[in-house]
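Novice: Sequence first, predicted coordinates after that:
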Amino acid sequence: MARVLTIQGEVDPKDLGVTYTHEHLICFPPPVVMREDADFELPRVDKAVEELALFYQAGGRCLVEGTAIDYGRDVKALIEISRQTPVHIVFTTGFNKGRFYPDWVIQASVDELRDLMIREIEEGAEGTGARPGVLKCGSWYNVITPQEEKVTRAVARAHKATGAPIWVHTEAGTMALEQLDILEQEGADLSKVTIGHCDRNADLWLHRKIAARGAFVGYDGPSKVKYYPDSVRVELIKGMLEAGYGKQLLISGDMGRRSYLTAYGGGPGFRYILEKFIPRLRDEGLTQEEIDQIWIHNPARWLAF
């Protein structure tokens, strides 16, 4: 029977409830990030627990922690967070994008990286016994570097060996179809793939092409008016529903900065989607059935393996 791998063990997908599919609770980004903007560092267990309490109060029940190995994942801290919250936490193995890779990733072969990720999923990460439930790869703006292609192929092979779902970082929504091409060449099941940050490239034609190939389309920008007003995201969601792709939408907030999180004194925090964006979608004509599809049924289907 298919199960979702959370940090505390296997969970029946029917028991997940409302799920955010791409967030960050704790991370210690590489020097290239910290030199540019230290706001990305999320160093405190207590603040993560506080933010999760707000998420739970608003109705959230499961969250995918998207911090990859090369972005400063801290498995022991995530275990500690998970012990202090009723929220199901699914964490990530794999890598973000080439500019973050440490030397050992650059030097490793496809199959060495594949074996590392399989080992984490089957035995646990960093000696903890906690097993990640999502694989991650990514690419840069309008290009997939040879190193990124290598990691993408390794992720596809780890997926084939384990069945674990894949989350793909795109830089500003570019190179989505090209990433799917690589995964498909390796024999990945595209119905277990989510292409992230699609709403950074607000191109409905592209999103429908992604969905037509069987993959999930990930929007993770609600509230981020610096990119687009939420009206753009609402129209994208409606356009996907009209095209019959409501079963392939995953929507989260990607609150990956201290300045985004209520617990650190920022905003809008994890409550925004549940308390503001979803009510707006109802006001804009979405049914409760469509909302449940996006935030309950789709995540459960993607995460189960």
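Specialist: Happy to help now that I have it. Numbering: from 1, shown residues only.

Novice: Near Pro31, how many other residues are there?
Specialist: 8 (other CB atoms under 10 Å). Yep, even glycine has a C-beta here, placed from its N, CA and C like the rest.

Novice: quick one: it from Gly138, how far?
Specialist: Counting by CB to CB, to the nearest Å, the gap from Pro31 to Gly138 is 18 Å.

Novice: Three-state assignment for the closest residue to Phe216 other than its chain neighbours, please.
Specialist: Closest residue to Phe216 apart from its sequence neighbours, by CB to CB, 6 or more residues apart in numbering: Thr194 at 4.1 Å. Secondary structure, DSSP: H, G, I helix; E, B strand; the rest coil: Thr194 is strand.

Novice: Equivalent analysis for Val234, please.
Specialist: Val234 falls in the helix class when you classify it by three-state DSSP.

Novice: my guess is it contacts Arg282, does it?
Specialist: No - counting by CB atoms under 8 Å, Val234 does not reach Arg282; the two are 11.1 Å apart.

Novice: higher neighbour count, these two?
Specialist: Comparing Val234 with Arg282 by other CB under 10 Å, the one with more neighbours is Val234, at 18 against 12.

Novice: Endpoints of stretch 155-168, how far apart?
Specialist: Criterion CA to CA, to the nearest Å; first-to-last residue distance in stretch 155-168 is 10 Å.

Novice: What segments of this structure are strands?
Specialist: Counting by DSSP state E, the chain has strands at residues 4-6, 9-11, 19-23, 62-65, 88-90, 92-94, 134-138, 166-169, 193-195, 216-219, 249-251.

Novice: Pipe these into JSON lines and attach distance to Asp39, mean pLDDT and mean neighbour count per row.
Specialist: Formatted as JSON lines, the strands of the chain follow (distance: least, CB to CB, whole Å; pLDDT from 0 to 100; neighbours: other CB atoms under 10 Å):
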{"stretch": "strand 4-6", "distance to Asp39": "28", "mean pLDDT": "98", "mean neighbour count": "24"}
{"stretch": "strand 9-11", "distance to Asp39": "32", "mean pLDDT": "98", "mean neighbour count": "14"}
{"stretch": "strand 19-23", "distance to Asp39": "16", "mean pLDDT": "98", "mean neighbour count": "27"}
{"stretch": "strand 62-65", "distance to Asp39": "18", "mean pLDDT": "98", "mean neighbour count": "27"}
{"stretch": "strand 88-90", "distance to Asp39": "23", "mean pLDDT": "98", "mean neighbour count": "23"}
{"stretch": "strand 92-94", "distance to Asp39": "21", "mean pLDDT": "98", "mean neighbour count": "27"}
{"stretch": "strand 134-138", "distance to Asp39": "20", "mean pLDDT": "99", "mean neighbour count": "29"}
{"stretch": "strand 166-169", "distance to Asp39": "19", "mean pLDDT": "99", "mean neighbour count": "26"}
{"stretch": "strand 193-195", "distance to Asp39": "25", "mean pLDDT": "99", "mean neighbour count": "28"}
{"stretch": "strand 216-219", "distance to Asp39": "22", "mean pLDDT": "98", "mean neighbour count": "28"}
{"stretch": "strand 249-251", "distance to Asp39": "23", "mean pLDDT": "98", "mean neighbour count": "25"}
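
Novice: Distance to Lys226 for those strands - can I get that in TSV?
Specialist: Formatted as TSV, these follow (distance: least, CB to CB, whole Å):
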stretch	distance to Lys226
strand 4-6	32
strand 9-11	35
strand 19-23	18
strand 62-65	23
strand 88-90	28
strand 92-94	25
strand 134-138	21
strand 166-169	19
strand 193-195	21
strand 216-219	15
strand 249-251	18
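
Novice: Which among the ones you listed is found nearest to Ala125?
Specialist: Smallest distance to Ala125 across those (CB to CB): 6.4 Å, for strand 92-94.

Novice: helices or strands next to that closest one in the packing?
Specialist: For strand 92-94, the packing partners by 3 or more CB pairs under 8 Å, 6 or more residues apart in numbering; DSSP states H and E come out as helix 110-123, strand 134-138, helix 146-162.

Novice: of the strands of the chain, which approaches Thr287 most closely?
Specialist: Closest approach to Thr287 among those is made by strand 249-251 (13.9 Å; CB to CB).

Novice: which residues touch that closest one?
Specialist: For strand 249-251, contacts defined as CB atoms under 8 Å, 6 or more residues apart in numbering pick out 21-22, 194, 216-220, 222, 237, 240-241, 273, 293-295, 298-299, 302.

Novice: which stretches of the stretch 201-305 of the chain have low pLDDT?
Specialist: Along the stretch 201-305 of the chain, segments meeting pLDDT under 70 are nowhere present.
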